[in-house]
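Engineer: show me the folded form of this:
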Amino acid sequence: MKKLILLTALLVAVMAFAACTAGGNQEPERRTLVMGTSAGFFPFEFIADDGRGVIGHYAGIDVSLAARIGEYLNADIVIQDQEFAGLIFALQSREIDFIAAGMTIRPDRAEMVNFSVPYFTAGQRVVVLQNAPFNSVADLEGMIVGVQLGTTADIAITDSHTEGNVTFQEILRYNQPVTAIMDLLSGSIDAVVIDAPVARGFQANYPDQLHIFYDPNNFFGPEQFGMAFHLEDTELLAEFNEVLSRLIAEGYVDYLYNYYMTEFTPE
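Structural biologist: Residues are numbered from 1 along each chain as shown. Reported below is the predicted structural model:
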């Protein structure tokens, strides 16, 4: 009887070990993660033509990064495209799982979201028409300036105007930068302030009409982009950071920037 009991106990232990081992070798259950973005921000997120989308008809550095991270995490990435200014609220209200939208890491935003490791260093540029007599932000005194609503450019230009450092005739705030560029090309406004890679993308599309410059008086400081997560989603943040850090080290972000700036033009 004792031998039977011992054999039974050993069998149960072996079966339990086998079950644990098998479970440990299984891939985690596939999940769906909703990425919030604002798809008018070439080369980071935009609507691609000719079937060249990475997730649905969306493409761009952020889209490709999210898709690659999803592969590592056994997750399907679904894109929710909306206005940039509403992205943090959408994250806080759990409408989306993370933000990938060329979002600058800022202390005020960091009070509302958790940022990933920075994956791109950018900065603001001023876009004007060719031969326009502007070479600094100070030259835009009394001019009409366009910015994308809720962005770092919006904050910097608004603060300057409010504090009287450089005052503008009017600050026009757009939901999408392409609309601002169209108004610039038509002569409705005098300048557009926007992130450097986005400015370069528009200049590449209109090389004979647009000129971009960086303020020589350091009106804008350096900026770094990060993906944003709900303050409570620390595990998801850690998962993304592990993969994102690896991709950065492998040069994948640099590759994506060069690829999109070479192969695509703004929509």
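Engineer: every contact and neighbour count from this point should use C-alpha atoms.
Structural biologist: Will do.
Engineer: beta partners for the residue nearest to F98 when sequence neighbours are not counted?
Structural biologist: Residue nearest to F98 in three dimensions, not counting chain neighbours: F229, with 4.8 Å by C-alpha to C-alpha, 6 or more residues apart in numbering. On the basis of DSSP bridges, F229 is bridged to F98, N114.
Engineer: state the distance from F229 to V78.
Structural biologist: 15 Å (C-alpha to C-alpha, to the nearest Å).
Engineer: likewise V128?
Structural biologist: Taken as C-alpha to C-alpha, the span from V128 to V78 is 36 Å.
Engineer: and for E141?
Structural biologist: 43 Å.
Engineer: then E242?
Structural biologist: Taking C-alpha to C-alpha, one finds E242 at 21 Å from V78.
Engineer: so which of the two has more stuff around it?
Structural biologist: Neighbours around E242 and V78, counted as other C-alpha atoms under 10 Å, are more numerous at V78. The numbers are 17 against 13.
Engineer: and the more buried one, helix, strand or coil?
Structural biologist: What DSSP: H, G, I helix; E, B strand; the rest coil gives for V78 is strand.
Engineer: and it, what is it in contact with?
Structural biologist: By C-alpha atoms under 8 Å, 6 or more residues apart in numbering, the contact list for V78 reads 32-35, 55.
Engineer: mind checking which of these land in strands?
Structural biologist: 32-35 (DSSP state E).
Engineer: let me know the closest of the residues you listed to A110.
Structural biologist: Set against A110, the nearest of the ones in strands among the contacts of V78 by C-alpha to C-alpha is M35 (18.2 Å).
Engineer: that closest one touches D97, doesn't it?
Structural biologist: Yes. Between M35 and D97 there is a contact at 6.1 Å, judged by C-alpha atoms under 8 Å.
Engineer: the more surrounded of these two?
Structural biologist: Applying other C-alpha under 10 Å to M35 and D97 shows that M35 carries more neighbours, namely 24 against 21.
Engineer: would you enumerate the residues in contact with that one?
Structural biologist: M35 is in contact with 66, 77-80, 96-100, counting by C-alpha under 8 Å, 6+ apart.
Engineer: what do you get for V253?
Structural biologist: By C-alpha under 8 Å, 6+ apart, the contact list for V253 reads 61, 65, 119-120, 247.
Engineer: count of neighbours near E111?
Structural biologist: Using other C-alpha under 10 Å, E111 is surrounded by 10 other residues.
Engineer: before we move on, what about P207?
Structural biologist: 12.
Engineer: please name the nearest non-neighbouring residue to I61.
Structural biologist: F44 (4.4 Å).
Engineer: correction: G102
Structural biologist: Nearest one to G102, counting by C-alpha to C-alpha, 6+ apart, is F225 at 5.6 Å.
Engineer: for the one you found, what are phi and psi?
Structural biologist: phi -90, psi 150 (degrees, to the nearest 10).
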